[in-house]
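1. Provided below are the primary sequence and the corresponding predicted coordinates.
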Amino acid sequence: MNIALIILFVVLGVALLLLEIFFLPGITIGGIAGGGFMIAAIWLAFAQSTTIGWLTLIVSFALLATFIALFIKGKFWKRISLSTEIDSKVEHQNLVVQVGEKGVAISRLAPIGNANFSGNVLEVKSLSGFIDVGSEVEAVEVTENEILVKLKVKS
């Protein structure tokens with residue numbers, strides 16, 4: 001009966017540790033339970049005899065190492081992994097803002113928000129910290145990816 005229990009604990013321990021390593025993020029109950037089952041199996045085996053204990057220790061770690069190697073080297077990952085690629089690009093729709101152009105913040109820039117430039121609502125990034133809704137902003141730098149603005153100083 002004890003040998004069957006030791007084998008059951010080793011199998012459960014290896015299965016739970018594999019789930020933890022490959023499927024469950026972080027240290028969760030699966031990893032803790034898997035480690036607990038492995039420790040319990042080895043402890044029960046050493047309670048039987050030293051020879052059975054060492055044999056269980058070696059076999060359980062060999063099983064774990066073998067299954068980890070099979071998971072990593074096998075084509076298992078290709079079957080479960082996402083293989084599509086995103087190849088789209090952002091296209092500018094003639095919404096070009098010139099450096100120095102004035103606009104109005106239509107959402108709070110903290111530091112990213114939306115501003116209205118000549119009737120076009122665009123996402124902008126503030127260089128001067130937080131900017132409240134309704135404040136006038138000025139485009140300082142325009143790149144392909146972002147529009148940097150600062151609070152327009154009233155003169």
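-> Thanks, I have it. Numbering: from 1, shown residues only.
2. alpha carbons of stretch 31-39, as PDB, please.
-> Provided in PDB are the C-alpha atoms of stretch 31-39 (Å, rounded to 0.1, in the frame of the first residue of the first chain):
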ATOM      1  CA  GLY A  31       3.600  24.500  -7.400                       C
ATOM      2  CA  ILE A  32       3.300  24.400  -3.700                       C
ATOM      3  CA  ALA A  33       1.100  21.300  -3.800                       C
ATOM      4  CA  GLY A  34       3.400  19.600  -6.400                       C
ATOM      5  CA  GLY A  35       6.400  20.300  -4.200                       C
ATOM      6  CA  GLY A  36       4.500  19.000  -1.200                       C
ATOM      7  CA  PHE A  37       3.600  15.800  -3.000                       C
ATOM      8  CA  MET A  38       7.200  15.200  -4.000                       C
ATOM      9  CA  ILE A  39       8.500  15.800  -0.500                       C
END
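3. what's the distance between it and the middle of its chain?
-> 25 Å (Cα atoms, centre = their mean, to the nearest Å).
4. per-residue pLDDT, the residue most central in space within the chain?
-> Closest to where the C-alpha atoms of the chain average out (Cα atoms, centre = their mean) is P25, at 9.1 Å. For P25, the model assigns a pLDDT of 73.
5. cool, the one 4 residues further on as well?
-> You'll see I29 listed with a pLDDT of 87.
6. ditto for D87
-> Confidence at D87, expressed as pLDDT, is 72.
7. next, it: secondary structure please.
-> coil (DSSP: H, G, I helix; E, B strand; the rest coil).
8. for burial, what's the neighbour tally of it?
-> 5 (other Cβ atoms under 10 Å). (C-beta placed from N, C-alpha, C; glycine too.)
9. what segments of this structure are helices?
-> Along the chain, counting by DSSP state H, helices occupy 2-22, 29-48, 50-73, 76-80.
10. lowest average pLDDT across those helices?
-> Looking at the helices of the chain, the bottom one is helix 76-80 with a mean of 70.
11. which residues touch that helix?
-> Residues from elsewhere that reach helix 76-80 (Cβ atoms under 8 Å, 6 or more residues apart in numbering): L70, F71.
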